[in-house]
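K.L.:
with the input below, show me the fold.
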Amino acid sequence: MLDSKLIRETPDLVRAALAKKHLSVDLDAVLAIDTAWRAQLQDVEHLRATQKQANTAMAALPKGTPEFIAKVQEMKAVSAQVKEREAVLKETEDKFRTAMLSLPNLPHASVPEGRTPEENVVFSFHGAHEEPKPHALPHWEIPGFERLFDFARGAKVTGAGFPFYIGDGARIVRSLLHFFLDENAKAGYVEVSPPIFVNAASATATGQLPDKEGQMYETADPLYAVPTAEVPLTNFFRDEIVDESVLPIYRCAYTPCFRREAGSYGKDVRGLNRLHQFDKVELLKWVHPATSYDELDKLRGDAERLLQKLELPYRVLLMCGGDLGFAQSKKYDLEVWSAGQKRWLEVSSCSNFEAFQARRAQIRFRGKESGKPELVHTLNGSGLAVPRVLAALLENNLQPDGRVKIPTALLPYFGKEYLSFA
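P.N.:
Next comes the predicted model:
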């Protein structure tokens, strides 16, 4: 959520920043509701003061006297006014909060201009993605693929995008998750095992609501199956004040993730490319505002090291304003090279939300000098998502005999030098 004072005092600055995201935002409507709310609040506060003065005057009068009875009547009239105006104020407050929740976060000044994904900036390349891989195939075309990754039976049991992982298919997924968690622990992240269902307040705090309702699986309670561990992790400190001395706080978590992925089609949904249920390790930081962009660079580096240890070629994209998410101020995407498909697959997004999520969730720290509560900055990134990393491993490391060579860093977890589909 944005700072209402910032919107009120510098609306042109906010309009210019929002325009960089190429989203349709009626800031004037928000300002009009804010003006109405402040006028109504002033009216209610005046009536409350009048009510308090009448109550004090009444208390000083002898009970039963004409003056006392007149003051009682005055009190009743003022009380009725207060009750009526408070109801109107509450309605306006609700409208104002709804309007504020509809506003996206402002992009950082360093975010490049651009409207579409094609205008994202290639920040860096790593590894020889142009190196010929004569035996590479799209992973779903590898002979025997369905023996380890059974999409047909998954569709029968649940639906499309919910595969079974069998034998070494399940083993390689487990190996990747353990590798990610162990490496992130070495980088200073404390492992957490969070709930995989969250309430509406938690989804609202991180910006999933109101924005991504159609992408989440919802129960009748209502609870939401997590689209990412970012949601429960961020809310760990919701409505709390932490001491400044404990910042930055690093956490990581493995969860299955659930996304409807409505509107996906074609090559984007083949095989492991886009699933409705998938496994991911998430990295989360709560940091001091003064250090949040240094922490974003460190976060990106932590995710990159995992790809480097897996010996996978990848690139880093700096997202342009039009391809920046609703809640992010700045975001880098890590894309791994898919040798069989001959294209890039996103495996991690590393984002700074500044105080946007913290203001919604009221996550604060008490400053050493001021002694007053201040909003933290939150950051998160995938460290990493399994399916596309696995797709790249299968395609880039496919051998002439149909086996897949396991990267050295993964051998202690997988226990074998090759994955076989036979």
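K.L.:
pLDDT (mean, whole number) over stretch 114-124?
P.N.:
Mean per-residue pLDDT for stretch 114-124: 97.
K.L.:
run through who's touching it.
P.N.:
By C-beta atoms under 8 Å, 6 or more residues apart in numbering, the residues outside stretch 114-124 that reach it are 22, 112-113, 315-323, 332-333. For the C-beta atoms, the positions are set from N, CA and C on the backbone; glycine is no exception.
K.L.:
cool, and stretch 404-417?
P.N.:
For stretch 404-417, the external contacting residues (C-beta under 8 Å, 6+ apart) are 168, 171-172, 174-176, 178-179, 309-312, 393-394, 397-399, 418-420.
K.L.:
may I have it as PDB, with CA atoms only?
P.N.:
Taking Å, rounded to 0.1, in the frame of the first residue of the first chain, the C-alpha atoms of stretch 404-417 are listed here in PDB:
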ATOM      1  CA  VAL A 404      21.000 -37.300 -18.100                       C
ATOM      2  CA  LYS A 405      24.300 -36.300 -16.400                       C
ATOM      3  CA  ILE A 406      23.800 -35.100 -12.900                       C
ATOM      4  CA  PRO A 407      25.800 -31.900 -12.000                       C
ATOM      5  CA  THR A 408      28.600 -32.400  -9.500                       C
ATOM      6  CA  ALA A 409      27.000 -30.200  -6.800                       C
ATOM      7  CA  LEU A 410      23.900 -32.400  -6.900                       C
ATOM      8  CA  LEU A 411      25.600 -35.800  -6.700                       C
ATOM      9  CA  PRO A 412      25.700 -36.000  -2.900                       C
ATOM     10  CA  TYR A 413      21.900 -35.600  -2.900                       C
ATOM     11  CA  PHE A 414      21.000 -37.800  -5.900                       C
ATOM     12  CA  GLY A 415      23.600 -40.400  -5.200                       C
ATOM     13  CA  LYS A 416      24.100 -41.400  -8.900                       C
ATOM     14  CA  GLU A 417      26.100 -39.800 -11.800                       C
END
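K.L.:
got phi/psi on Leu398?
P.N.:
phi -70, psi 130 (degrees, to the nearest 10).
K.L.:
contacting residues around Val192?
P.N.:
The contact partners of Val192, taken as C-beta under 8 Å, 6+ apart, are 233, 236, 251-253.
K.L.:
biggest separation within the residues you listed, which pair?
P.N.:
Phe236 and Cys252 (12.2 Å; C-beta to C-beta).
K.L.:
neighbour count winner among these two?
P.N.:
Neighbours per residue (other C-beta atoms under 10 Å) separate Phe236 from Cys252, with Cys252 holding more: 25 against 17.
K.L.:
let me see the ranges of the strands in the stretch 101-250 of the chain.
P.N.:
With DSSP state E, counting those that start in this stretch as the criterion, the stretch 101-250 of the chain has strands at 121-126, 149-150, 164-165, 190-192, 197-198, 224-225, 240-243, 249-258.
K.L.:
include distance to Asp34 when you put those into CSV, please.
P.N.:
Converted to CSV, these look like this (distance: least, C-beta to C-beta, whole Å):
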stretch, distance to Asp34
strand 121-126, 35
strand 149-150, 53
strand 164-165, 51
strand 190-192, 38
strand 197-198, 29
strand 224-225, 30
strand 240-243, 26
strand 249-258, 33
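K.L.:
of all those, which one is nearest Leu6?
P.N.:
Closest to Leu6 of those is strand 240-243 (C-beta to C-beta; 21.9 Å).
K.L.:
give the pairing partners of the closest one; include direction for each.
P.N.:
strand 363-366 (parallel) (DSSP bridges).
K.L.:
quick check: buried residues in the strand it pairs with?
P.N.:
By neighbour count with 16 or more other C-beta atoms under 10 Å, strand 363-366 contains the buried residues 363-365.
K.L.:
nearest to Ala303 among those?
P.N.:
Closest approach between these and Ala303, by C-beta to C-beta: Ile363, at 22.7 Å.
K.L.:
how about that closest one: what's its closest non-neighbour residue?
P.N.:
Sequence neighbours aside, Phe237 is the residue nearest to Ile363 in space, at 4.7 Å (criterion: C-beta to C-beta, 6 or more residues apart in numbering).
K.L.:
verify the contact between that neighbour and Lys285 for me.
P.N.:
No - taking contacts as C-beta atoms under 8 Å, Phe237 lies outside contact range of Lys285: 11.6 Å.
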